[in-house]
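K.L.:
Sequence isn't available, so here's the structure alone:
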């Protein structure tokens, strides 16, 4: 089972108007750089619920999803 975790994201706006995440601050304060954004599409967070823009990102060499729901960013995290 997964849970929705709201995270702090440092992002930039491109000249075309897209929002591109650059860094993610996890709930324990650790900051991770977004190595690359691979895809952006409207999609549901099937594991934790909710929907929004789903950014498929590479962070520390691993592919992960980062969601922008209205004006808040979240990730799907495993239950403890």
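P.N.:
That came through, no problem. Bear in mind the structure is a predicted one, so any value in this text is a computation, not a measurement.

K.L.:
Just checking: what are the partner strands of the longest strand along the chain?
P.N.:
When the chain is scanned for its longest strand (criterion: DSSP state E), the result is strand 2-13. Under the criterion DSSP bridges, strand 2-13 sits next to strand 19-25 (antiparallel), strand 72-78 (antiparallel) in its sheet.

K.L.:
Can you mark which positions in the first one are buried?
P.N.:
Put plainly, it is strand 19-25. For strand 19-25, the neighbour count (16 or more other CB atoms under 10 Å) marks 21, 24 as buried. To be clear about C-beta, it is placed using only N, CA and C from the backbone, and glycine gets the same treatment.

K.L.:
Would you mind confirming that residue 55 is in contact with residue 40?
P.N.:
Yes: with contact taken as CB atoms under 8 Å, residue 55 and residue 40 are classed as touching, separated by 5.5 Å.

K.L.:
out of the two, which sits in the more crowded spot?
P.N.:
Of the pair residue 55 and residue 40, residue 55 is the one with more neighbours under other CB atoms under 10 Å, namely 23 against 17.

K.L.:
Just list whatever residues bridge to that one.
P.N.:
Under DSSP bridges, the beta-bridge partners of residue 55 are residue 40, residue 66.

K.L.:
List the contacts of it.
P.N.:
21, 37, 39-40, 65-68 (CB atoms under 8 Å, 6 or more residues apart in numbering).

K.L.:
can you list those residues in JSON lines and add pLDDT and distance to residue 6?
P.N.:
As requested, the contacts of residue 55 are exported to JSON lines (pLDDT from 0 to 100; distance: CB to CB, whole Å):
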{"residue": "21", "pLDDT": "98", "distance to residue 6": "14"}
{"residue": "37", "pLDDT": "97", "distance to residue 6": "19"}
{"residue": "39", "pLDDT": "97", "distance to residue 6": "22"}
{"residue": "40", "pLDDT": "96", "distance to residue 6": "19"}
{"residue": "65", "pLDDT": "93", "distance to residue 6": "14"}
{"residue": "66", "pLDDT": "95", "distance to residue 6": "11"}
{"residue": "67", "pLDDT": "94", "distance to residue 6": "10"}
{"residue": "68", "pLDDT": "94", "distance to residue 6": "11"}
